[in-house]
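**Student:** Sequence and predicted structure are below.
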Amino acid sequence: MGRNLHAMSSPRSIARRDGSRWPEPYVVIGMPGSGKTTVGKRLAKTLGVPFADTDHLIEVDQHSSIPEIFSSRGEGYFRDTEERIVAETLASATGVVSLGGGAIMREATRTRLHDFTVVHLTIGVAEGSRRSGGGNRPLLAGSDVLARYQQLHTDRAPLYKEVSTISVSTERRSTGKVVRELVEFLDPVLATELAEESNDDKHT
Ligand SMILES: Nc1ncnc2c1ncn2[C@@H]1O[C@H](COP(=O)(O)OP(=O)(O)OP(=O)(O)O)[C@@H](O)[C@H]1O
Ligand SMILES: O=C(O)C1=C[C@@H](O)[C@@H](O)[C@H](O)C1
Ligand SMILES: [Mg+2]
């Protein structure tokens, strides 16, 4: 296991590309900009399982974008909605589920996550805040992004740690590399098959 990946325990389920077995979803958590959507989508594609992103499901449920929900209803309303959507999604989803960056702030959500294989994507404060700029993240909109990102990181780091099964860095590493490492941990049989396929491709 490389220095970029730390496993706290074994995965609870094995997902196969043919869809034969994945009794419960893998859940992806991490700071804004850590790559939950990007890595989650690619991981699901590689495993051949469905992908869901609770930020997107909240927007569908509310017929509104996340910045609009924050500005018209406030953060408390957003967090209540998020807690409900995360609970519904975890109760019914299979495959890979990426959560919003702050979902783990709710104790009820952390308690639910104790039953799942949780992948924590980590990122340094400088790179994470650089990736999170722009207007689409209400908690990080405007100026002083670095200082606010640092504060969120300090507040949340112990909460991510509390619920994660495995943590992997996405700093200065391609999405493909991160996904390959995750598949080696979550489904070693598939990882070997994929490595063999890629070797065959190189020799044909
Ligand atoms: N491994 C990577 N290397 C470089 N850039 C990346 C990597 N992974 C993601 N990014 C870029 O970082 C930005 C944020 O990624 P993404 O939207 O997947 O993060 P997120 O964790 O889902 O964020 P949020 O919490 O806001 O939903 C995107 O522009 C994406 O292209
Ligand atoms: O870190 C956060 O608190 C957030 C992250 C995003 O994924 C969204 O869920 C929303 O912008 C809040
Ligand atoms: Mg996202």
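**Tutor:** Great, that's in hand. Residues are numbered from 1 along each chain as shown. Ligands and ions are numbered 1, 2, ... in the order given.

**Student:** Just the closest residue of this structure to ligand 3, please.
**Tutor:** Among all residues of the chain, residue 37 sits closest to ligand 3, at 3.4 Å; criterion: CB to the ion. C-betas here are computed from N, CA, C, even on glycine.

**Student:** near ligand 2 at all, whichever strand or helix holds that residue?
**Tutor:** Residue 37 belongs to helix 36-47 when elements are defined using DSSP states H and E. No: Helix 36-47 stays clear of ligand 2 (CB under 6 Å from any ligand atom), getting no nearer than 7.3 Å.

**Student:** Tell me the buried residues in that helix?
**Tutor:** By 16 or more other CB atoms under 10 Å, the buried positions in helix 36-47 come out as 36-44, 46-47.

**Student:** need the residues you listed in JSON lines with pLDDT, can you?
**Tutor:** Formatted as JSON lines, these follow (pLDDT from 0 to 100):
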{"residue": "36", "pLDDT": "96"}
{"residue": "37", "pLDDT": "94"}
{"residue": "38", "pLDDT": "96"}
{"residue": "39", "pLDDT": "97"}
{"residue": "40", "pLDDT": "97"}
{"residue": "41", "pLDDT": "97"}
{"residue": "42", "pLDDT": "96"}
{"residue": "43", "pLDDT": "95"}
{"residue": "44", "pLDDT": "93"}
{"residue": "46", "pLDDT": "91"}
{"residue": "47", "pLDDT": "88"}
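
**Student:** a markdown table for the residues you listed, including distance to residue 81?
**Tutor:** A markdown table is the format used below for the buried residues of helix 36-47 (distance: CB to CB, whole Å):
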| residue | distance to residue 81 |
| --- | --- |
| 36 | 18 |
| 37 | 18 |
| 38 | 24 |
| 39 | 24 |
| 40 | 20 |
| 41 | 22 |
| 42 | 27 |
| 43 | 25 |
| 44 | 23 |
| 46 | 30 |
| 47 | 28 |
